[in-house]
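# Fold the following.
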Amino acid sequence: MAAPDFSDIFAEDRLDTSKLHPDLKPFLSTNDAPFPVVLKHPLVFSVPFFSYIAANRMYEEKTKKLAEFLDAKQFDSAIWLYERPYRIDILYDWYFTEKRIDLDALRQMLPGIWSDTEFPEQFGLKPRRLFMEAGYCSDTDKKLTGTLTVYRGDASKTTGIEWSLSKKTATWFAKRFGCKTPVLATGQADAKDVLAYITNRKEEEVIILPENVQNVKYTKLTPGNS
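You can find the predicted model right below:
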């Protein structure tokens, strides 16, 4: 089988943004250094922007498939057509605003969408509200019981909803991006207060409201590899 030919997406005028689909043009930006132009549409994420041909083609194919999934109410498939930075917002709107999905669907979809999310702080309180609404959700049948020791890698003395049962995992998060002042938070939590237990990335992640984590202590770590 011959390899697909993508030579057309690198046509001589591929950076001509005037030829970009009208729906995509409002999502172009020239303020994201170090790249001269980026495209951040919910269905097409191109950082840096490299071809209007590729972007238009992706948008047309995705919008067609999205319509098919939504018409068939296959929301668990439709959500993955959206680019990573937008999925939490889409899930939130589908449940709270548009009422497209019910509670069972939320519980089924939330662990996978969350574990694939980067920089969750960009979503404000939306993740907290989603997990509180879902109650308890997980991607495993393993049950957590008793008092848990939980860890969070945090370069500042702030707390969020994402913690881990693995000290190694939390330490890695504390030190990633070459943080010069890595801090490890350690606390205690009751298993009944866990809103989600997610294992698919082998991070032993638990979602707990920060007010339900007790006796939190912060340990300064040595910068560098874990």
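# Just confirm R100 is within a helix.
No - for R100, which was evaluated using DSSP: H, G, I helix; E, B strand; the rest coil, the result is coil, with no helix membership.
# Pull the contacting residues for the closest residue to it other than its chain neighbours.
What sits nearest to R100 in space, not counting adjacent residues and going by CB to CB, 6 or more residues apart in numbering, is W94, at 4.2 Å. (Glycine included, C-beta is placed from N, CA and C.) Residues counted as contacts of W94 (CB atoms under 8 Å, 6 or more residues apart in numbering) are 75, 79, 100-101.
# So which of those is the closest to R107?
Top of the list for closeness to R107, among the contacts of W94 and by CB to CB, is I101 at 10.0 Å.
# number of nearby residues for the closest one?
By the measure other CB atoms under 10 Å, the count of residues near I101 is 19.
# Wasn't Y151 part of a strand?
Yes - secondary structure of Y151, determined by three-state DSSP: located in a strand.
# For it, give me its contacts.
Contacts for Y151 (CB under 8 Å, 6+ apart) come out as 163-167, 169-171, 184-186.
# Narrow those residues to those in strands?
Those of the contacts of Y151 mapping onto strands are 163-164, 184-186, per DSSP state E.
# end-to-end on stretch 202-219?
From the first residue to the last, stretch 202-219 extends over 23 Å; the measure is CA to CA, to the nearest Å.
# got it, and stretch 197-206?
Between the opening and closing residues of stretch 197-206 we find a distance of 5 Å, counting by CA to CA.
# returning to that earlier point: and of the ones in strands among the contacts of Y151, the nearest to V47?
S164 (28.5 Å).
# picking up where we left off before, the residue nearest to R100 and I88: what is the separation?
Here the distance between W94 and I88 works out to 11 Å (CB to CB, to the nearest Å).
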